[in-house]
Structure formats: structure tokens, C-alpha cells
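> prediction below, plus the sequence it came from.
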Amino acid sequence: MTKQVQQFVLFILAVSIVTSVVYHVLNRDNISLQKAQQYASNGRYSEAVSLYEKLVANGVHSEVVYEGVLICQNALKKPEKARGALQNLIFQNKDAEPTRLRYLAAIALGMGEQDIATQQYRKVLLARPDDRSARLGLARALARSGLYEEAVKEYRLLLGEIK
Amino acid sequence: MNCLHIMLIASVVATATCSLAKESQTLTQPDAGLPGLTPSEVIPDWVARWELARCLTILKRYDEAIADYQILLKGKPELHKARLECAQALVWSDKKSEADTLLEKINASQLTLPEQGALADLYVILKKYALAAPLYRTVLAATPEDHKTRLKLAEMLSWEKKYAESLTEYTTLLKALPEDQQIRRKYALVLIWNGQHEAAIPELRKTLP
């Protein structure tokens, strides 16, 4: 009886250890990603970035990772690195649906990347010409690029004053 | 049950657990980090109208800008900043009396400090110095190191022949900017207008090589 109990305890212990080891080996990237996201949520952007960069180095080129890098580099006020992440993100989403593209365009506009924002908003409007939010974003991106004549046209389209 | 059996069973359980864990993981980014960058779905016309009017002003298409500001203000009369911008467009298109009428409806207390400064600038252009002075003073009370505004006030006071007050402002300016030759020359001119020629001479000498 005692031997059986001992064996059972040993069995449970072994299962736990092996489960943990296998889980960590198989899910190394996912665990790192979760940790990075946790760091980012808690404002520990440098630590998050180093984890995200390790993931990229490991060949994880998912948009979640690039979006995380973008958020953190923005927060760390490193525009060059944020731009790099944004470009990767845009590349990853080149065939994404319009709402996602509009979201990325809005991020680009918020970062002062007018050209990228303009491109993305135009793509959205090609698919959805009645997207008022994208039209306003495009008008703003054009105005911030100093292309006021084009911006005026977009505002007039938005207001339904021209077709 | 020997050790090999235990390890075998453990591996099977572990693999099953891991695949379950992997499937349940959601690889989504937390929302925090880029607040306010996603534009809202509902875009009110007045927002677009206001931005349009600003673009037209920058393009110096003042008549169109004024027309859009008027549409905007008809629907949103509480937008004092837009009223100020419209008045600016009116002044720049040489419609000063219309600007004057519009400015009467502005509640300066609803404006930010830089906007109050801009309103004072408009009053100066319209030669309504008595209305401009308190606005400049409000700005200076909050930001005494705003030398541009102090210079505007000093110049305006001198045009009103309030030389003593103007000289006080110039003295404050020169304390902060003793190397500024242009301000010193303007100061010297006010001294001359105030009949203080002797005092003006050394000030002018300081500005010469």
C-alpha cells in the first residue's frame, strides 16, 4: 500500500515536471509573447521590446509582435524603430481587410507618418469609398503633408459637396 | 509500474496538455499603448467643416474659408475659437468691419491663452487698443517670459502715446534680453518720443558697432 502511494506521488510529480518542461519547450515563443505583452501593459516598455526583439530573432514575424514593438518604441519615443515596426506591420497586412488597414493608417497618422497613412487610407477608400472615417483620415494626412488643395477636395467629398 | 511506464504516461499527458494550452492561447495585442489613434466611426460634419475652413485659410482662399466658417458657426455658435479664426480670415481679406462685428460676439474667457493673444493681435490691427491691452496683460500674467507678447504690448502702448507704461515694458524686456539691439533701438525711440533725448543717446550708442 505504502509503495503504491509512493509510486502514485512519484507519478504525479513526474507528470508535472514533464508537462512543465514540454510546455515551455513547445511554447517558448508564446510564453515570451505573453510576457512581453504583460510588460507592455505595465509600462515596462524596454523589457517588453527586448522580448519582442528576441521573438523576431527567433523567426516569429507575426503582426502581434510588430504591433507590440510599435507600441513600445512609440512609448519609448524611438520614432525610427517605431517606423521600422510600422513598415513591417503594413507589409504583414498588405492584403488585410479595410478596417484593419484603416486602423494602421490611423496609427501611421498618429506617428506623423503622413505618406504611409495616405497610402493606407487610399487603399481603404478603394475598397470602401463611403468610409467617412477613412476619408477624414486621408484629408488630415494630406493637410499634414502640406497638400492642402487635395485635402480640401477630400473634405468637400466628405461633406457631400462634390462627387 | 516502473519508471519507464511513468515517464511514458507523463509524456502523453504533457503533450495533450500543451496542445490544449496552445489552442487556447489568444495572440492578441492588449489595447493599451496607442490610445486615441483609431478614429471614431461617427464623424460629425462640423469637424470636417472646421478643418476644411482652416485648409482654405492656409491656401489664402479667404472668401471660401469665411463661407465655411459661417456655416460652421451657424450650427455651432459656441465655438469661440472658430469665430476667432473666421475673424482672422476676415481681417486678412481686408473685411475689417465684418471682423469687428464678429469679434464683438467672442467671449475671451472661453479662449486659451495663445488664442487670447491672437485675439489681442486682431484688436491691434483693428486699432482697438483698449481691448487688446488687457488680453496681452492676461497672457503676460500667466507667462511673464513671453517676450514676443511683451514687445507687442510695449509697441502698442507707445502708439497710444502711453510712453511711461511702454517704457516699463521695454525695461522688463531689456532685462531679459540685454543683447537684443532691435528692442533697444525701439526702446530708445520711445524715450525720444517721451522727450528723454539724453537717456536715448547711450541706448542708441549701445546698439552701434
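It's in.

> flag every buried residue along stretch A:143-156.
For stretch A:143-156, burial by neighbour count (16 or more other C-beta atoms under 10 Å in any protein chain shown) applies to A:143, A:147-148, A:150-156. Yep, even glycine has a C-beta here, placed from its N, CA and C like the rest.

> typed the wrong thing, it's stretch B:130-143
Buried-residue list, stretch B:130-143, by 16+ other C-beta under 10 Å: B:131-133, B:135-136, B:138-140.

> will you turn those into CSV that also has distance to chain A and secondary structure?
Below are the buried residues of stretch B:130-143 laid out as CSV (distance: C-beta to the nearest C-beta, whole Å; DSSP: H, G, I helix; E, B strand; the rest coil):
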residue, distance to chain A, secondary structure
B:L131, 32, helix
B:A132, 30, helix
B:A133, 35, helix
B:L135, 29, helix
B:Y136, 31, helix
B:T138, 31, helix
B:V139, 28, helix
B:L140, 32, helix
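
> is it possible to export those residues to TSV including pLDDT?
Output for these, formatted as TSV (pLDDT from 0 to 100):
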residue	pLDDT
B:L131	96
B:A132	97
B:A133	97
B:L135	97
B:Y136	98
B:T138	97
B:V139	97
B:L140	98
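
> which two of those have the greatest separation?
Greatest spacing in these, by C-beta to C-beta: B:L131 and B:L140 (15.8 Å).

> including distance to B:L177, could the buried residues of stretch B:130-143 go into JSON lines?
Output for those, formatted as JSON lines (distance: C-beta to C-beta, whole Å):
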{"residue": "B:L131", "distance to B:L177": "27"}
{"residue": "B:A132", "distance to B:L177": "22"}
{"residue": "B:A133", "distance to B:L177": "22"}
{"residue": "B:L135", "distance to B:L177": "22"}
{"residue": "B:Y136", "distance to B:L177": "18"}
{"residue": "B:T138", "distance to B:L177": "22"}
{"residue": "B:V139", "distance to B:L177": "18"}
{"residue": "B:L140", "distance to B:L177": "15"}
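
> now for the helix or strand in which B:W50 is found, which elements pack on it?
Using DSSP states H and E, the element containing B:W50 is helix B:45-58. Counting contacts by 3 or more C-beta pairs under 8 Å, 6 or more residues apart in numbering or on different chains; DSSP states H and E, helix B:45-58 packs against helix A:132-144, helix A:148-158, helix B:62-75, helix B:80-92.

> to B:W193, which of those lies closest?
Distance to B:W193, taken as C-beta to C-beta, is lowest for helix B:80-92 among these, at 27.2 Å.

> buried sites along the next helix or strand along the chain from the closest one?
For helix B:80-92, the succeeding helix or strand toward the C-terminus, using DSSP H and E, is helix B:96-103. Residues of helix B:96-103 classed as buried: B:98-100, B:102-103 (neighbour count, 16+ other C-beta under 10 Å).

> if we can go back for a sec, could you identify the most distant pair in the buried residues of stretch A:143-156?
Farthest apart among these by C-beta to C-beta are A:L147 and A:R156. That separation is 14.3 Å.
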